[in-house]
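Visitor: The amino acid sequence is not available; the structure is as follows:
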């Protein structure tokens with residue numbers, strides 16, 4: 001399967017999002033990725049975070065809506081590809097005195113975060129812009145309420161991570177993994193339909209909360225080992 005690829009880094013991500021939203025970049029951040037800036041000109045940005053979803057799952061399970069709409073597959077280079085350190089890099093860059101979501105909100109953009117309770121303290125989300133659903137279904141429902149009126153919408157799906165955790169050292173059944181991939185893909189398809197023209201989707205997959213040994217062999221094992229955090233990116237160009 002061939003994807004249009006762009007190499008970027010987690011440290012470039014905050015400034016790239018700010019530039020895409022036409023928000024002034026503060027001093028001290030890593031500069032934005034020029035290649036991504038040339039490809040998109042959004043009016044709003046939706047960031048979808050999916051734990052334990054990456055290039056491997058995209059290749060093996062072929063999520064229809066993501067692949068059909070994808071304009072760029074950004075490979076996110078980072079020193080630590082697991083969920084907590086990666087998300088912190090994406091939100092803060094290399095600084096401790098900066099937070100992407102808060103900074104964008106402070107600059108007058110309509111901002112909403114939809115995440116679980118534990119994300120609040122781990123990623124320093126403020127209650128003023130955060131909705132805390134109980135599960136992925138509730139996350140999706142809340143997203144449908146806010147996507148048409150948010151200039152920055154961040155949501156976090158966790159069922160991939162929960163499934164891997166449930167099976168521990170055993171490989172989760174392929175049918176369950178595929179079902180979650182297709183379900184999440186269908187949700188993103190609905191959100192794309194409901195979004196305003198000009199909305200940029202950035203669907204980010206990370207390595208999950210913890211390393212997980214999987215019993216794949218041959219090519220599947222090679223792909224899984226090489227799995228890197230990814231950002232599938234596409235913009236709604238017309239109704």
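Guide: Arrived safely. This one's a predicted model, so the numbers in the text were calculated from it and none came from an experiment. Residues are numbered from 1 along each chain as shown.
Visitor: Buried residues, the helix of greatest length in the chain. List them.
Guide: For the chain, the helix with the greatest residue count under DSSP state H is helix 174-194. Within helix 174-194, the residues that qualify as buried are 177, 180-181, 183-185, 187-189, 191-192, counting by 16 or more other Cβ atoms under 10 Å. For glycine as for every other residue, the C-beta is placed from the backbone atoms N, C-alpha and C.
Visitor: so what does whatever helix or strand comes next after that helix touch, helix or strand wise?
Guide: As assigned by DSSP states H and E, the chain's next helix or strand after helix 174-194 is strand 199-205. If contacts are counted by 3 or more Cβ pairs under 8 Å, 6 or more residues apart in numbering; DSSP states H and E, strand 199-205 sits against strand 44-50, helix 55-61, helix 174-194, strand 230-235.
Visitor: I'd like to know which of the ones you listed is closest to residue 106.
Guide: Each of the helices and strands packed on strand 199-205 was checked against residue 106 via Cβ to Cβ, and the shortest separation belongs to strand 44-50, namely 16.0 Å.
Visitor: Kindly provide the whole-number mean pLDDT of that closest one.
Guide: With pLDDT averaged residue by residue, strand 44-50 scores 96.
Visitor: what's the angle between it and strand 230-235?
Guide: Using axes from the mean of the first three to the mean of the last three Cα atoms, to 10 degrees, one finds that strand 44-50 and strand 230-235 are set 150 degrees apart in direction.
Visitor: Can you add distance to residue 129 and give the helices and strands packed on strand 199-205 back as JSON lines?
Guide: Formatted as JSON lines, the helices and strands packed on strand 199-205 follow (distance: least, Cβ to Cβ, whole Å):
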{"stretch": "strand 44-50", "distance to residue 129": "13"}
{"stretch": "helix 55-61", "distance to residue 129": "30"}
{"stretch": "helix 174-194", "distance to residue 129": "18"}
{"stretch": "strand 230-235", "distance to residue 129": "22"}
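Visitor: Least reliable of the ones you listed by average pLDDT, please.
Guide: Checking each of the helices and strands packed on strand 199-205, the one with the poorest mean pLDDT is helix 55-61, at a mean of 79.
Visitor: After it, which helix or strand is next?
Guide: Moving toward the C-terminus from helix 55-61, the first helix or strand encountered (DSSP H and E) is helix 64-69.
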